[in-house]
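Novice: here is the input, now give the coordinates:
(one chain, ligands or ions: 1)
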Amino acid sequence: MSDRIRIGDAEIACSEKGSGRPVIFLHAFPLSRRMWDDQIDALSGGHRVVCFDWRGFGESSLGGGIGTLDRFADDTAALMDHLSIPKATICGLSMGGYAAFALFRRHRDRIERLILADTRATADTDEARRGRIETAAAVRSSGVEAIVETMIPRLIGETSLNSRPQVSDKLGRIIRSNSPESVAQALLAMASRPDSSDLLARIDVPTLIIVGNEDKLTPPAEAETMHRGIAGSRFELIQGAGHLPNMETPGEFNRAVADFINSGS
Ligand code: MLT
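Specialist: As a prediction, the model looks like this:
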């Protein structure tokens, strides 16, 4: 079932399927909830699977703008209120993971379990921040096309680049469906996000860390740092996938998530 739900000053497009304990998926940059297409059916037997487009992305409106990633966290909590979900397993991939850290900081009581996929706890380096500001300006002046060809080879691993053309094609369609202004605002929001390394020791919910072994954007070393920092966390290295194992090797990704959400810890 898909719906558009008014959350504050934005209309948020949301899909859900199944019933049982809720699992909410937070998408990456510069994508949309379509990146979770392979998770919805596979994981909805026994769980209420929810995914939505961040404000400004996919079919959601930008409303008053993004500002910081705290806005994404507050939108997530407000959406959970609307859906009558007091607590959920939160699965954030990359920028979705940054938003999950913000959710932990601001709405800790809404998180039952945490899945951090292909993300990092650290803030941007000065160089990365400068790069994002330049990219935001390029997207505002030349459109989203300015990043499509450079982003896709960074988002997926070598194996997918060589043998899974359908993943590149789908990514191109998703990226092009987003507006330049929203993409620019998300870049600036990511550039200003705080370092979440101190948060790791305070994460006291069952946590799964997932990363593709070919991830170039948030390499396995980042995932290992989060695994070491979060007491009792599980770690899954997905072979043959880059930054988007849920799209590149959905079977492996879904198995790791299902093992975690079906287990007691
Ligand atoms: C993402 O996949 O969400 C982005 O690549 C994250 C980032 O640029 O830091």
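Novice: for the stretch 51-200 of the chain, which segments count as strands?
Specialist: 88-93, 111-117 (DSSP state E, counting those that start in this stretch).
Novice: and for the residue of the stretch 101-250 of the chain found nearest the ligand, nearest residue in space, chain neighbours not counted?
Specialist: Using C-beta to the nearest ligand atom, the closest approach of the stretch 101-250 of the chain to the ligand is made by L217 at 4.8 Å. From N, CA and C alone the C-beta is placed, and that goes for glycine too. Nearest non-adjacent residue to L217, counting by C-beta to C-beta, 6 or more residues apart in numbering: H243, 4.7 Å away.
Novice: same check on A256?
Specialist: Spatial nearest neighbour of A256, chain neighbours left out: E236 (4.2 Å); criterion: C-beta to C-beta, 6+ apart.
Novice: and the closest residue to L43 other than its chain neighbours, what is it in contact with?
Specialist: Leaving aside its chain neighbours, L43 sits nearest to V49 (5.2 Å; criterion: C-beta to C-beta, 6+ apart). V49 makes contact with 16-18, 22-23, 25, 39-40, 43, according to C-beta atoms under 8 Å, 6 or more residues apart in numbering.
Novice: mind checking the SS state of V49?
Specialist: Assigned by DSSP: H, G, I helix; E, B strand; the rest coil, the conformation of V49 is strand.
Novice: bridged to it, which residues?
Specialist: K17, V23 (DSSP bridges).
Novice: one step back: which SS class is the residue of the stretch 101-250 of the chain closest to the ligand?
Specialist: coil.
Novice: surely it and I156 touch.
Specialist: No: L217 is beyond contact range of I156, at 10.1 Å (criterion: C-beta atoms under 8 Å).
Novice: these two: who's more crowded?
Specialist: I156 (26 against 18; other C-beta atoms under 10 Å).
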